[in-house]
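K.L.:
Compute the structure for the input listed below.
(chains A and B)
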Amino acid sequence: MRLFTILTCLTAFFLLALQSVASEGELDALRANVPLLQEPTPEPLYQVEDRSRRPVREYPMQPPTIPHRIDNYQVDLNANRCMACHARSRIGETQAIMVSVTHYMDREGNFLGDLSPRRYFCMQCHVPQTDAPSRVGNTFVDMSDLIRESRQRSE
Amino acid sequence: MFKRIGSFLGALWRVFRSPSGYFSLGFLTVGGFIGGVLFWGGFNTAVEATNTEQFCISCHEMEANVYQEILPTIHYTNRSGVRAVCSDCHVPHNWTDKMARKMQASKEVWGHIFGIIDTREKFLDHRLEMASREWRRLEANDSLECRNCHDEQYMDFTRQSPRAAAAHQRGLVEGDATCITCHKGIAHELPDMAGVHGWE
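P.N.:
Numbers count the residues shown, from 1 in each chain, chains lettered A, B, ... in the order given. Modelled structure (predicted):
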């Protein structure tokens, strides 16, 4: 009788664990919920957006997204392809947008003559966007919308 | 013995001096024509053979360095399957320019024999020098090799992204930029660009 109880408990626990794994699988970005022993069909490669107008930032401190393709851009010890257009000294010729002045500051806030080494690798913060459908929902609300709503409520 | 060789050479020289005294005019004309065709065909075939990618990457300096670097770029693999081989960008298509380039390239054979860039480290040490030479060449001939395929005369700017169209209009049509002014390092990796105009 005792053994039966333990076995039932174990089975129930195992089933619950399985279920939780399955529900986590829905968010599995790498394998898209396909069991390990099956070969998933890869999704098509999505187009990288290429726009001439600047995208709006979702919040004030958001690193702006890159509005063009950056295939094979070389950013390493030898060369920085991004800065060949976006550096302060280059924007006159290229008419690209200059990187923010904060990129020329070290962590103590001193201004440097050139790009700060800690800002050298652009793709740590700035990334291009594709037209891929989003996998998960998003309840993000713009801060200015929240302020507007609260203002309307108080009126 | 020496006398016999001397008389044989003398006879050969007499035939060479005035072959029409020994051969018919028809033989000389037709023979000269066929000989000329064979020589010219053979010469051009040999030059064309040195223009193939197989020939270029038969040297490990090319195969292990620059060839590996072009593999992921758009000039090697792309949606339409049209691709450029080494000579499309590094050898002019025009005959006289091609001959001039081939003569310059004999120095590269020297470099191969004496192992000037036969290790990765030596190659990287020489990379800026070699890349600068190509940039100078393409600046001087207004990116001739690029223009074998790409020419702003036939670019439909409305089919380009607005940023690209504006940049091409500004640089190529109104300005005095040429392709290589902006498009450096598109097929191979860049050397240390400190001090190169536009990359400081």
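K.L.:
which ones are touching the closest residue to B:C56 other than its chain neighbours?
P.N.:
Take B:C56 and drop its neighbours on the chain: the residue closest to it by Cβ to Cβ, 6 or more residues apart in numbering or on different chains is B:C86, 4.4 Å away. Any C-beta I mention is one placed from the backbone N, CA and C, and that applies to glycine too. Counting by Cβ atoms under 8 Å, 6 or more residues apart in numbering or on different chains, B:C86 touches B:53, B:56-57, B:62.
K.L.:
One more: B:P19?
P.N.:
Taking Cβ under 8 Å, 6+ apart, we find B:P19 in contact with B:L28.
K.L.:
confidence score at it?
P.N.:
pLDDT, B:P19: 83.
K.L.:
quick revisit: per-residue confidence for the residue nearest to B:C56?
P.N.:
On pLDDT, B:C86 comes in at 93.
K.L.:
since we're on A:C82, how many residues are nearby?
P.N.:
21 (other Cβ atoms under 10 Å in any protein chain shown).
K.L.:
My guess is it contacts A:H68. True?
P.N.:
No - look at A:C82 against A:H68 with Cβ atoms under 8 Å: they stay out of range, at 10.8 Å.
K.L.:
Report how many residues lie close to A:N33.
P.N.:
Neighbours of A:N33 under the rule other Cβ under 10 Å: 12.
K.L.:
So which bits of chain B are right by chain A?
P.N.:
B:72-74, B:161-163, B:166-167, B:170, B:182, B:185-186, B:189-193, B:198-200 (Cβ under 8 Å from any Cβ of the partner chain).
K.L.:
What's the PyMOL syntax to select whichever of these are buried?
P.N.:
The buried residues among these can be selected in PyMOL (16 or more other Cβ atoms under 10 Å in any protein chain shown) with this line:
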select buried, chain B and resi 73+163+167+182+185+186+189+190+191+193+198+199
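K.L.:
Can you give the distance of the lengthiest helix in chain B from its chain's centre?
P.N.:
Longest helix in chain B by number of residues (criterion: DSSP state H): helix B:25-49. Relative to its chain's centre, helix B:25-49 lies at 24 Å (Cα atoms, centre = their mean, to the nearest Å).
K.L.:
What about the residues of chain B next to chain A, which are in strands?
P.N.:
With strands taken from DSSP state E, there is no overlap with the residues of chain B next to chain A.
K.L.:
Touching stretch A:108-115 from outside, list them.
P.N.:
Residues outside stretch A:108-115 that contact it (Cβ under 8 Å, 6+ apart) are A:80, A:83, A:87, A:99, A:101, A:103-106.
K.L.:
which residue sits closest to the residue in chain A that chain B sits nearest to in space, ignoring its chain neighbours?
P.N.:
Residue of chain A nearest chain B, by Cβ to the nearest Cβ: A:S52 (3.6 Å). Closest residue to A:S52 apart from its sequence neighbours, by Cβ to Cβ, 6+ apart: B:P162 at 3.6 Å.
K.L.:
cool, and B:V66?
P.N.:
B:H188 (5.1 Å).
K.L.:
correct me, but the one you found touches B:E69?
P.N.:
Yes - the pair B:H188 and B:E69 passes the contact test of Cβ under 8 Å, sitting 4.6 Å apart.
K.L.:
Show the pLDDT at A:L10.
P.N.:
On the pLDDT scale, A:L10 gets 58.
K.L.:
now swap in B:S106 and tell me
P.N.:
On the pLDDT scale, B:S106 gets 89.
K.L.:
Pretty sure it sits in a strand.
P.N.:
No - the assignment for B:S106, made by DSSP: H, G, I helix; E, B strand; the rest coil, is helix rather than a strand.
K.L.:
ok, now how distant is it from B:A100?
P.N.:
Separation of B:S106 from B:A100 (Cβ to Cβ, to the nearest Å): 11 Å.
K.L.:
So which residue is dead centre in the chain?
P.N.:
Because you didn't say which chain, this covers chain A. Centre of chain A computed as the mean C-alpha position; nearest residue by Cα atoms, centre = their mean is A:V127, 7.0 Å away.
K.L.:
was after chain B, sorry
P.N.:
The centre of chain B sits closest to B:V91, judged by Cα atoms, centre = their mean, with a distance of 2.1 Å.
K.L.:
Wait, it touches B:M99, no?
P.N.:
No - between B:V91 and B:M99 there is no contact under Cβ under 8 Å: 10.2 Å.
K.L.:
circling back to that earlier point, reformat the contacts of stretch A:108-115 as CSV; add distance to B:E48, pLDDT and neighbour count.
P.N.:
Output for the contacts of stretch A:108-115, formatted as CSV (distance: Cβ to Cβ, whole Å; pLDDT from 0 to 100; neighbours: other Cβ atoms under 10 Å in any protein chain shown):
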residue, distance to B:E48, pLDDT, neighbour count
A:N80, 40, 93, 20
A:M83, 42, 93, 22
A:A87, 44, 92, 21
A:V99, 48, 94, 19
A:V101, 56, 92, 9
A:H103, 51, 95, 19
A:Y104, 53, 94, 18
A:M105, 57, 94, 15
A:D106, 57, 93, 12
